[in-house]
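Engineer: Structure for the following, please:
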Amino acid sequence: MASEPVTEAAPRGDPRDVESLLEEHLPAVLAYVRLHCPAVVRDHESCADVVQSVCREVLARAGGFELRGLPEFRKWLFQKVESKLVDKQRYWLAECRDPGRELTLSADRSDFDQLYASLTSPSRAAMAREKLARFEAAFAGLGEDDRRVITLVKLQGMSGREAAGELGKSEGAVRVMLHRALARLGLQMHEAAGPTGS
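Structural biologist: Residues are numbered from 1 along each chain as shown. Just a heads-up that it's a prediction; the model follows:
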């Protein structure tokens, strides 16, 4: 596959290819949303609902895509996710400013928790929820540069070279940044687990 960008102009891509790529990237998209979802959006929608909304939009346009490379598809997909989060935040901030609007809150973790529960025992599901909560809190406690390099390399699946281009740094500098960011993340998770760990 040539490494040219994904475009929406020429309908030469097979919609099944887009669907397959989207399915392959679904865990990373959900993780990205859970880690980057603004609080005002979490107060009104589950992360799974946000992901579902992204998927609907991507699949609705699947016949109009020209797939020209996996790195470009990943970059384009995560731009769509980020755009969706920004749109949702704007929407809910506008809704919150409307005093005549009744706010309905949903538990943003319910869908994800049900998935865990369906795959594991109740005690394992509880442990998984605790570990996920510690991970999210630790990630939120990192500096912007640490969150960015982890997101690019570990969630978006960028190579060292691609991440270096995005960050304006050398590949070696990105490797060091990632190593240090992951070390800080691990340390924060360990400290959050307490003396007994889990």
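Engineer: Verify the stated contact: residue 152 with residue 158.
Structural biologist: Yes. Residue 152 is in contact with residue 158 according to CB atoms under 8 Å; the separation is 4.8 Å. (Glycine included, C-beta is placed from N, CA and C.)
Engineer: ok, these two, which is more surrounded?
Structural biologist: Legend: neighbour count by other CB atoms under 10 Å for residue 152 and residue 158, higher for residue 152 (25 against 22).
Engineer: Just the element for residue 161, please.
Structural biologist: helix 160-167 (DSSP states H and E).
Engineer: which residues are contacting that helix?
Structural biologist: Helix 160-167 is contacted by residues 71, 75, 148-149, 152-153, 158, 170-171, 173-175, 177-178 when judged by CB atoms under 8 Å, 6 or more residues apart in numbering.
Engineer: Just after that helix, pick out the following helix or strand.
Structural biologist: helix 171-193.
Engineer: Next, the angle helix 160-167 makes with that following helix.
Structural biologist: For helix 171-193 against helix 160-167, the angle by axes from the mean of the first three to the mean of the last three CA atoms, to 10 degrees is 90 degrees.
Engineer: wait, residue 19 sits on residue 61?
Structural biologist: No. If you go by CB under 8 Å, residue 19 and residue 61 don't touch, sitting 11.6 Å apart.
Engineer: quick one: residue 59 from residue 75, how far?
Structural biologist: 19 Å (CB to CB, to the nearest Å).
Engineer: who has more neighbours, those two?
Structural biologist: Between residue 59 and residue 75, residue 75 has the larger neighbour count (other CB under 10 Å), namely 19 against 13.
Engineer: Tell me who's in contact with that one.
Structural biologist: Contact analysis of residue 75 by CB under 8 Å, 6+ apart lists 156, 158, 162.
Engineer: Would you reformat the residues you listed as JSON lines and include distance to residue 37 and pLDDT?
Structural biologist: Shown next, in JSON lines, are the contacts of residue 75 (distance: CB to CB, whole Å; pLDDT from 0 to 100):
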{"residue": "156", "distance to residue 37": "16", "pLDDT": "86"}
{"residue": "158", "distance to residue 37": "21", "pLDDT": "87"}
{"residue": "162", "distance to residue 37": "24", "pLDDT": "91"}
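Engineer: Just give me the closest of these to residue 49.
Structural biologist: Nearest to residue 49 among those is residue 156, at 21.4 Å by CB to CB.
Engineer: burial of that closest one, as a residue count?
Structural biologist: 22.
Engineer: is it true that it touches residue 79?
Structural biologist: No. Here residue 156 does not reach residue 79: they are 9.9 Å apart, not a contact under CB under 8 Å.
Engineer: What about the residue nearest to residue 36 when sequence neighbours are not counted, how many residues nearby?
Structural biologist: In space, and not counting its chain neighbours, residue 36 is closest to residue 85: 6.2 Å by CB to CB, 6 or more residues apart in numbering. By other CB under 10 Å, 18 other residues sit near residue 85.
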